[in-house]
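[1] Here is my input, please return the structure:
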Amino acid sequence: MLSQAVSYLSWLDSAHHEFEALVRRVLGAEAAESIDWRRPRMVCIAAGFSHHDRVAVQRLPERIDLVRYRVFDGGLLSLLLVDSSPGSPNPAASRRHRERDAAVVSAPTVPASPAAGSAGFVPECLRDMYAELDDALTAWGEVEVAALRHYIAYRRLVNVASVLFRPRHEAILVYLRLDPGSVVLEEGFSRDMRGIGHLGTGDVEVRLASADDLEKATPLIRKAFLAA
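    Numbering: from 1, shown residues only. Here you go, the predicted model:
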């Protein structure tokens, strides 16, 4: 869908005269003369977007909104803004924006508080494992990723998974939206969190300390997202 939208924008950029003539015919001369061609905005509305769509939005210089829709019983329509980019006013600004982002990514991060270390500031010792976990959490269709103060949330209409970092133990905790009664729990790896206070949301805690743990967790992750 995103490539199609960019194609339409390219056509529109080459058809100012034709578009203005259409607006003049349908809406009148005043509306045609008020068209601002400086920074057009693309709004893509779909039932879902891939992880690659969201990455592309942040790389393209255009103004883009990704909006997910859901239709519920009774004709209720839900619209959710999944991702948005304000775009860049010109190519030079776009280049500066990308260079700034690259500098932020490459610079060493010092958390401002203990909580900051678990929300977007991935500890060095857990970066490789988190990258693989993120791939697993975004592999089951459109997923919204939100870095909150204490944890990273992976959402559909509700939080499906919450990720917290425990650098002292070189482990990642994942709380999944699952019924613990439907899961075979394993001591030291997964546990029932009902009635136990914790950051994030989800009744099944999964502790990841190795690639083998992530492999064991993948079926649980899949189950949680398919049920959402």
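[2] rest of the way, CA atoms for contacts and neighbours
    Will do.
[3] any chance you could map the strands in the chain?
    41-46, 63-72, 76-85, 144-147, 152-155, 159-166, 171-176, 190-192, 204-208 (DSSP state E).
[4] what's the angle between the third one and strand 63-72?
    Between strand 76-85 and strand 63-72, the angle comes out at 160 degrees (axes from the mean of the first three to the mean of the last three Cα atoms, to 10 degrees).
[5] returning to what we had before: indicate which one of the strands of the chain is closest to residue 225.
    In terms of Cα to Cα, the element of the strands of the chain nearest to residue 225 is strand 159-166, at 6.4 Å.
[6] now what about that closest one, what contacts it?
    Strand 159-166 is contacted from outside by 117-119, 122-123, 126, 137, 150-155, 171-177, 200-202, 224-225, 228, using Cα atoms under 8 Å, 6 or more residues apart in numbering.
[7] what's the spacing between residue 196 and residue 166?
    18 Å (Cα to Cα, to the nearest Å).
[8] For those two, work out which one has more neighbours and name it.
    residue 166 (18 against 7; other Cα atoms under 10 Å).
[9] who does the more buried one bridge with?
    residue 171 (DSSP bridges).
[10] Show me the chain divided up by domain.
    Per the record, the chain has its domains at 2-93, 115-227, by automatic domain parsing.
[11] Throw these into TSV and include mean pLDDT, thanks.
    Below are those laid out as TSV (pLDDT from 0 to 100):
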stretch	mean pLDDT
domain 2-93	82
domain 115-227	87
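[12] For the nearest residue to residue 46 once chain neighbours are set aside, list the residues it contacts.
    Residue nearest to residue 46 in three dimensions, not counting chain neighbours: residue 68, with 5.2 Å by Cα to Cα, 6 or more residues apart in numbering. Counting by Cα under 8 Å, 6+ apart, residue 68 touches 45-49, 79-82.
[13] same thing with residue 156?
    142-144, 228.
[14] closest to residue 20 among the residues you listed?
    For the contacts of residue 156, the nearest to residue 20 is residue 142 (36.2 Å; Cα to Cα).
[15] Next, find the distance separating the closest one from residue 40.
    Taking Cα to Cα, one finds residue 142 at 26 Å from residue 40.
[16] Please say which of those two ends up with more neighbours.
    Using other Cα under 10 Å, the more surrounded residue of residue 142 and residue 40 is residue 142, with 19 against 14.
[17] Relative to residue 56, how far out is the more buried one?
    From residue 142 over to residue 56 (counting by Cα to Cα), the distance is 14 Å.
[18] Then residue 190?
    35 Å.
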